[in-house]
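A.B. asks: what shape does this take:
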Amino acid sequence: MQNILHLWSKYLLPVIRIVRPRQWVKNFFVFIPLFFGGQMSNTALLLDALTTFVAFSLAASSIYCLNDIVDVEADRQHPVKCHRPIASGQVSVSAAYALMAIMLILSMTVCPMLKGRSMAVGAVVLGYWIMNIAYCVWLKNFAIIDVCLIAFGFVLRILAGGLATAIEPSNWLVLMTFLLTLFLSFAKRRDDVLRMEATGKPPRKNTIRYNLTFINQAITISASITLVCYIMYTVSPEVTARFNSHYIYLTTIFVLVGLLRYIQIAVVDKQSGDPTKVILRDRFTQLVVLAWMVSFLFIIYY
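C.D. replies: I've put the predicted structure just below:
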């Protein structure tokens, strides 16, 4: 038993931490075309979306390995990130590179399971991987560009989900995804600005190009446009015709409450540094998302 625990703590746990399976929740965006297309009960398409989810998750884990390699020196100076496997010395840089390659190979191995649509989905996943390589190595040093690339990564998830299930996402859906994730990214950068103001040291090179006034305005603008896009989506003729319902607009209530709650977490609680952690831990946010999903499902399926 002691040998198993030693193996777990010394080798397996650091590997799990560096690939960050908790962050895979972001890849549920590949299910959005299926959800809004009213095809969640289609088992074959659901399996295709799940396969795409796995491919994206493995590709994302590959990027997390590179991110920790590139940021190792900065992480060692960070009060929280200093405990990451590479920064703390639990995983060597060479082992991280090997793990990065393995995750990418596994991701590309999963894509052919989609049969006829594997080439298109594989190309999107690979494009996502290449874009994030450029982000980790260079582009994340540029303010505004960094958050836009993060948001575009979620658009690629939706496009891959649409290709895998042969469901074309609407223009409104793509815009909402970009704007919502842009909003979350700015909220995350707010946490960096607060840390810079408290310590005098920017946690990222581009943090000096942000301040609270700019971040607060960017959060407000992106949240407002996201809400408007969602309203326009729910009342658009194509959507009401597809779902044969004029009541989808009622779900806007939960979207508004969800946005306000996240702004409260960012501005009042000052805890928006990790959107994934907020979603996984904040019960209020979870209840709002659940209420939105249930109401939407009830309207479009019943």
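A.B. asks: tell me the helix or strand right after the helix or strand bottoming out on mean pLDDT in the chain.
C.D. replies: In the chain, no helix or strand scores lower on mean pLDDT, DSSP states H and E than helix 2-7, which sits at a mean of 54. Moving toward the C-terminus from helix 2-7, the next helix or strand (DSSP states H and E) is helix 13-19.
A.B. asks: return the set of buried residues in that following helix.
C.D. replies: Across helix 13-19, burial judged by 16 or more other CB atoms under 10 Å covers Pro14, Val15, Arg17, Ile18, Val19. From N, CA and C alone the C-beta is placed, and that goes for glycine too.
A.B. asks: pLDDT (mean, whole number) over it?
C.D. replies: The predicted model gives helix 13-19 an average pLDDT of 87.
A.B. asks: CA atoms only for it, dumped as CSV, please.
C.D. replies: C-alpha atoms of helix 13-19 as CSV (Å, rounded to 0.1, in the frame of the first residue of the first chain):
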residue,chain,number,x,y,z
LEU,A,13,-0.5,13.0,-9.2
PRO,A,14,2.0,15.5,-10.7
VAL,A,15,1.2,14.2,-14.2
ILE,A,16,-2.6,14.6,-13.5
ARG,A,17,-2.0,18.1,-12.2
ILE,A,18,0.0,19.2,-15.3
VAL,A,19,-2.6,17.9,-17.8
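A.B. asks: by contact count, what packs against it?
C.D. replies: helix 43-70, helix 93-110 (3 or more CB pairs under 8 Å, 6 or more residues apart in numbering; DSSP states H and E).
A.B. asks: quick revisit: which pair of the buried residues of helix 13-19 spans the longest distance?
C.D. replies: Pro14 and Val19 (9.9 Å; CB to CB).
A.B. asks: can you give me the strands for the chain?
C.D. replies: For the chain, no strands are identified by DSSP state E.
A.B. asks: which residues of it score low on pLDDT?
C.D. replies: Applying pLDDT under 70 to the chain flags residues 1-11, 302.
A.B. asks: which stretches of it form helices?
C.D. replies: Ranges of helices in the chain, per DSSP state H, are 2-7, 13-19, 32-36, 43-70, 72-76, 93-110, 118-137, 145-165, 171-199, 212-235, 237-243, 252-267, 275-281, 283-301.
A.B. asks: may I see those helices organised as JSON lines, with distance to Cys82 added?
C.D. replies: Listed next are those as JSON lines, based on distance: least, CB to CB, whole Å:
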{"stretch": "helix 2-7", "distance to Cys82": "23"}
{"stretch": "helix 13-19", "distance to Cys82": "13"}
{"stretch": "helix 32-36", "distance to Cys82": "36"}
{"stretch": "helix 43-70", "distance to Cys82": "12"}
{"stretch": "helix 72-76", "distance to Cys82": "5"}
{"stretch": "helix 93-110", "distance to Cys82": "16"}
{"stretch": "helix 118-137", "distance to Cys82": "19"}
{"stretch": "helix 145-165", "distance to Cys82": "22"}
{"stretch": "helix 171-199", "distance to Cys82": "14"}
{"stretch": "helix 212-235", "distance to Cys82": "25"}
{"stretch": "helix 237-243", "distance to Cys82": "48"}
{"stretch": "helix 252-267", "distance to Cys82": "24"}
{"stretch": "helix 275-281", "distance to Cys82": "18"}
{"stretch": "helix 283-301", "distance to Cys82": "28"}
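A.B. asks: tally up the residues packed near the residue nearest to Val235 when sequence neighbours are not counted, please.
C.D. replies: Spatial nearest neighbour of Val235, chain neighbours left out: Tyr249 (5.5 Å); criterion: CB to CB, 6 or more residues apart in numbering. By other CB atoms under 10 Å, 17 other residues sit near Tyr249.
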